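Asker: How does the following fold in three dimensions:
(chains A and B)
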Amino acid sequence: MTTEKSENKERIGVYVCHCGSNIAGIVDVQDVAEWAGRDLAERGVVVSRDYKFMCSSLGQELIEKDIQEEGLTRVVVAACSPHLHEATFRTACSRAGLNPYLCELVSIREQVSWVHTDKEAATEKSKAVLSGGVERVIHHEPLEPLHVPIHPATLVVGGGISGIQAALEIADAGFPVYMVEREPSIGGHMAQFDKTFPTLDCSACILTPKMVSVGNHPNINLFTWSEVEKVDGYVGNFTVTIRKKARYIKTELCTGCGICQEKCPKKLIDDVYEAGLGYRKAVYTPFPQAVPKYPVIDRENCTFFQKGTCKVCQKFCPTDAIDFEQEDELITVQVGNIILATGFDLFDPRKVSQYGYGRLANVFSSLEFERLTNAAGPTNGNIVLRDGVTTPRAVGIIHCVGSRDRNFNNYCSVICCMQSLKFAHLVHERTGATVYNFYIDMRTAYKEYDEFYQRILEEGTLFVRGKVAEVTGAARSPGEEGRLIIQVEDTLAGKQRRIPVDMVILSAALQPRYDAKEVAHKFGISCSANGWYIEKHPKLDPVATMTEGIFIAGCVQGPKDIPTSVSQGAAAAARILGRIQQKEIALEPVRASVDQDKCSGCRICNSMCPFNAIIFHEDRMVTEVNPALCQGCGTCIAACPAGAISGTGFSDQQILAQIEGLLMVNFEHARVAELG
Amino acid sequence: MTENFEPVIIGFTCNWCSYRAADLAGTARIKYPPNVRLIRMMCSGRLDPSFVMKAFSEGADGVLITGCHPGECHYLEQNYKALRRFLLMRRTLAQFGIEPGRVKLVWASAAEGVRLANEISKIVEEVRALGPLNWPKWKDNGVHKIALHELEEV
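Answerer: Okay, here's the model as predicted:
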């Protein structure tokens, strides 16, 4: 470790970006650039410029021109976060013939101008950050990206509409897909709906053909009633272990005739597909159009597994397909890329206790209502009260239950307004009942959505603007006896209202899967504080994640409607197809390596690596790092007592030099006064 | 201690979580004091204790080490190694007469821009209360060289 600065022969170009007024509004960019040109000249800075938009083609050309004309050997750009534009400036260097890894991008936007308000302090900090970059870049080395082959197969987790779209796009392009679905059938939430907004076409009619294509596709290997157990490896070459839960059905013999389901004596409430409104048997397919057609035996509820006798299904099965001896299978597959499309859970409206869900019989959740209206649902599509016969005369639909509510979720669940309008239409069309919609704001963005709203308005649905205070069964007047009373402040009329209805539908929020965090950890990606998965860039890279090779699609990233989910599925597929076509991907060459002459064979580093990238050669008593397995975290580098391990891109020299640079500018004015 | 003492703090961040939290703090325009200067590493496990010594010896008054929450490390478990090193290092620093409050380890996920900004504000105030470290002044007396030498021995 030296405190005296090393001699520097590099010719460094410094570029300070204004980012319009994003940076220049707080940081005196001109001063920073002039300061660098003057005070850092002895550190090798030969060119120092400020420019309106460094990332524009003109800004990039500026760098390219200087590399060629001024013979720059290093480039430092002070602009936005490297996560945004590092690649841009590296490519510019590369175009001008400079190794791209000899360029350093330091952040004076996210870390300075956007978070500080004092102009003087911000300018000073920018100088410090810039000088850190200059000192660091001196120690950069020319590097070559690592080329990793891409395995042509893809894993799609989740068989909802988004996953289905992604799988079909990839399979149709001729590449193999493994699809893993936790439930006995693919289809996801869309399979539970009757109609889809705003066109009101039948959900099953547009979804089922796609499900069948997935089931029949020669390039798709479908694992339902299965979960991903473990993910190893990295982009291009993941090894995925899938747990195929025992179905207790020999799928090669089963014809899907359904006799077992008919004969099974154990009937129970179906909480998943029927949202608790209908029944299923212990051996079941969730719905008639299920893909695959094979049923599963639900071990926890099967009389045979509970009491040791029954086997009625086995007795009646015409093809001897029932097998009580089956066990879970672990299957290992190789894939190059992974798409997570695991969807959402519905917010439990019981939590909003004043709306009475679970306490007042005729308060329904949105998913329950979807099942009520479904022609294949428990009431054959008849909209009736919980007693199963009475048609409601008045229905209240409450928006934003669990969304846009500080007590639950701050976000908007996106689909509830349109879904509530759809419900209003269906109630109106099928029962002629009076329909009230209680909304905070109507949000009907996107194509044909607002037209749909206009149509529902014309149909005579009543809209009350206000957040419902309470749904209660306690009548105050004879007209309210035996009905549900909605207490609400009508903010347009400016008064309190009590509206008696027979049925209340709660448009519940969409929320992340209960195990979203666990799954994110399994795949090594990050999720936001609520549990939605974080995309690589909120606008420009919405389906990639920070982890190379892992993509997200659909509601797993945040609430969205069917068209957007489908688009994301297709987008993720397109991203992956591009990579498969390329056959390989260039990765950051951030890797550790051992100088075998310095290694003393102490083996301290050997236990540091969770990827088993460190190999110890017993014969020579030295350690070696396998670059194909190394992920570049650098923990072994920090652990080596002999300093024998070095890391490209983040070497000791680079970091130590950056510290020196960062501390060169040291609030001199404050400090001088202090130290006297 | 003069009232206009502005501490300088070096922050070590993990490429996958806390550096992104800093990015997020920026995108969300969350304000925090300008006293912290960040260094990006691939992982908190990369933190060699000598980096901390280097920061102090170059004039930093405090060091903030940040990484992924336990169980959320991008490299599975390397933040635990950072934690172990941190605890050991803090004891060693105390033996050099450096107050433990000058070094802090904070977990911040990529979603926790607000948390990171709060932690930065906190450490700035804490170090401000401790006053300047002035290690570069010792440098002239050659004291720190002995200290560094001893650390390398360890």
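
Asker: Return the residues in contact with A:Asn237.
Answerer: Contacts for A:Asn237 (C-beta atoms under 8 Å, 6 or more residues apart in numbering or on different chains) come out as A:Val148, A:Pro149, A:His151, A:Gln334, A:Gly336. C-betas here are computed from N, CA, C, even on glycine.

Asker: how far away is the last one from chain B?
Answerer: As judged by C-beta to the nearest C-beta, to the nearest Å, A:Gly336 and chain B stand 20 Å apart.

Asker: In contact with the residue lying closest to that residue once chain neighbours are set aside, which residues?
Answerer: The shortest distance from A:Gly336 to any non-neighbouring residue, by C-beta to C-beta, 6 or more residues apart in numbering or on different chains, is to A:His151 (3.6 Å). When contacts are counted by C-beta under 8 Å, 6+ apart, A:His151 touches A:Gly236, A:Asn237, A:Phe238, A:Gln334, A:Val335, A:Gly336.

Asker: and the residue nearest to the fourth one when sequence neighbours are not counted, which of the three is it?
Answerer: Nearest non-adjacent residue to A:Gln334, counting by C-beta to C-beta, 6+ apart: A:His151, 5.4 Å away. Using DSSP: H, G, I helix; E, B strand; the rest coil, the secondary structure recorded for A:His151 is coil.

Asker: Got the confidence number for A:His151?
Answerer: Looking at A:His151, its pLDDT is 97.

Asker: Likewise for A:Val312?
Answerer: On the pLDDT scale, A:Val312 gets 94.

Asker: State the distance from the closest residue to it other than its chain neighbours to chain B.
Answerer: With C-beta to C-beta, 6+ apart as the criterion, A:Val312 has its nearest non-adjacent residue at 5.2 Å, and that residue is A:Lys263. According to C-beta to the nearest C-beta, A:Lys263 stands 47 Å off from chain B.

Asker: By proximity to chain A, which residue of chain B wins?
Answerer: In chain B, the residue that lies nearest chain A is B:Gly26 (2.9 Å; C-beta to the nearest C-beta).

Asker: quick one: contacts for that residue?
Answerer: Taking C-beta under 8 Å, 6+ apart as the test, what B:Gly26 contacts is A:Ser81, A:Ser107, A:Arg109, A:Glu110, A:Gln111, A:Trp114, A:Val115, B:Gly113.

Asker: Nearest to A:Gly377, out of those residues: which one, please.
Answerer: Nearest to A:Gly377 among those: B:Gly113, at 44.2 Å, using C-beta to C-beta.

Asker: Just give me the neighbour total for that closest one.
Answerer: Neighbourhood size, B:Gly113 [other C-beta atoms under 10 Å in any protein chain shown]: 25.

Asker: show me where chain B has helices.
Answerer: Secondary structure of chain B (DSSP state H): helices located at B:18-27, B:49-57, B:78-95, B:113-130, B:135-141, B:143-153.

Asker: can you list the ones you listed in JSON lines and add distance to B:Gly67 and mean pLDDT?
Answerer: Shown next, in JSON lines, are the helices of chain B (distance: least, C-beta to C-beta, whole Å; pLDDT from 0 to 100):
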{"stretch": "helix B:18-27", "distance to B:Gly67": "6", "mean pLDDT": "94"}
{"stretch": "helix B:49-57", "distance to B:Gly67": "14", "mean pLDDT": "93"}
{"stretch": "helix B:78-95", "distance to B:Gly67": "4", "mean pLDDT": "92"}
{"stretch": "helix B:113-130", "distance to B:Gly67": "11", "mean pLDDT": "95"}
{"stretch": "helix B:135-141", "distance to B:Gly67": "25", "mean pLDDT": "64"}
{"stretch": "helix B:143-153", "distance to B:Gly67": "22", "mean pLDDT": "58"}
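
Asker: Take those helices and lay them out in JSON lines including distance to A:Val435.
Answerer: Formatted as JSON lines, the helices of chain B follow (distance: least, C-beta to C-beta, whole Å):
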{"stretch": "helix B:18-27", "distance to A:Val435": "41"}
{"stretch": "helix B:49-57", "distance to A:Val435": "65"}
{"stretch": "helix B:78-95", "distance to A:Val435": "54"}
{"stretch": "helix B:113-130", "distance to A:Val435": "41"}
{"stretch": "helix B:135-141", "distance to A:Val435": "73"}
{"stretch": "helix B:143-153", "distance to A:Val435": "75"}
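
Asker: So which of those is nearest A:Asp515?
Answerer: helix B:78-95 (22.1 Å).

Asker: Name the residues of that closest one that are buried.
Answerer: B:Gln78, B:Asn79, B:Tyr80, B:Lys81, B:Ala82, B:Leu83, B:Arg85, B:Phe86, B:Met89, B:Arg90, B:Thr92, B:Leu93 (16 or more other C-beta atoms under 10 Å in any protein chain shown).

Asker: coming back round to it: which phi and psi values does the residue nearest to A:Val312 adopt?
Answerer: phi -90, psi -20 (degrees, to the nearest 10).

Asker: Surely it touches A:Gln314?
Answerer: No - counting by C-beta atoms under 8 Å, A:Lys263 stays clear of A:Gln314, with 9.8 Å between them.

Asker: Which one's more surrounded, these two?
Answerer: Applying other C-beta under 10 Å to A:Lys263 and A:Gln314 shows that A:Gln314 carries more neighbours, namely 18 against 15.

Asker: which SS state does that one fall under?
Answerer: helix.
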